[in-house]
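Asker: mind looking at a prediction? Sequence and model below.
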Amino acid sequence: MRGAVAFSGLALAITLGLLAQSTALSALGRLAPLWVLLPTSVLAALRLVVDLRAVPDAPPSPHETRRRQLRITAWLAGVVVSVYLFGFLPAATVFLFLFLRVETETRLRSAAITTSATVAFVYLVFGVLGGIAFPEGALF
């Protein structure tokens with residue numbers, strides 16, 4: 001539990017520090033950092049509150065810890081390879097849907113709705129309004 005509180009506190013401190021640094025940028029230059037850092041700061045603060053209120057669980061076994069680390073590493077490697085091969089939006093869509101279904105055991109309908117809403121939001125905010133070109137894949 002102490003590790004979770006320390007991590008959440010560090011995440012909050014880093015995002016707040018980056019938020020403070022972004023105020024030195026021009027109005028247009030700080031727009032993208034604000035889009036990312038404001039929600040991240042709120043989520044980090046909420047995570048810190050949840051971690052501070054949590055009842056300590058029995059620590060996982062070293063074998064379970066290693067298994068979790070390897071699983072997350074495999075997910076991240078899959079995302080990186082998928083983005084390289086297929087481009088950001090298709091890879092992010094498939095990754096989010098599969099992650100919700102496999103790791104969090106979200107129901108099919110909820111996973112589809114969440115994935116659709118998230119990808120639409122990212123595309124509209126960053127692609128359309130922000131004018132950011134998403135990376136294309138090597139194959140497509």
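Answerer: Yep, that arrived.
Asker: state which helix of this structure is the longest.
Answerer: Identified as the longest helix of the chain according to DSSP state H is helix 62-86.
Asker: helices and strands around whatever helix or strand comes next after that helix, which ones?
Answerer: Going down the chain from helix 62-86, the next helix or strand is helix 88-102, by DSSP states H and E. Applying 3 or more CB pairs under 8 Å, 6 or more residues apart in numbering; DSSP states H and E, one finds that helix 88-102 contacts helix 62-86, helix 108-122. Yep, even glycine has a C-beta here, placed from its N, CA and C like the rest.
Asker: tell me the contacts of residue 123?
Answerer: By CB atoms under 8 Å, 6 or more residues apart in numbering, the contact set of residue 123 is residue 89.
Asker: what about the longest helix of the chain, average pLDDT?
Answerer: What helix 62-86 shows for mean pLDDT is 95.
Asker: what's next to it, contact-wise?
Answerer: The contact list for helix 62-86, computed with CB under 8 Å, 6+ apart, reads 60, 90-92, 94-95, 99, 103, 135, 137-140.
Asker: switch the cut-off to 10 Å
Answerer: For helix 62-86, contacts defined as CB atoms under 10 Å, 6 or more residues apart in numbering pick out 59-61, 88-96, 98-99, 102-103, 134-140.
Asker: now list the buried members of these.
Answerer: Among these, those buried by neighbour count (16 or more other CB atoms under 10 Å) are 88-93, 95-96, 99.
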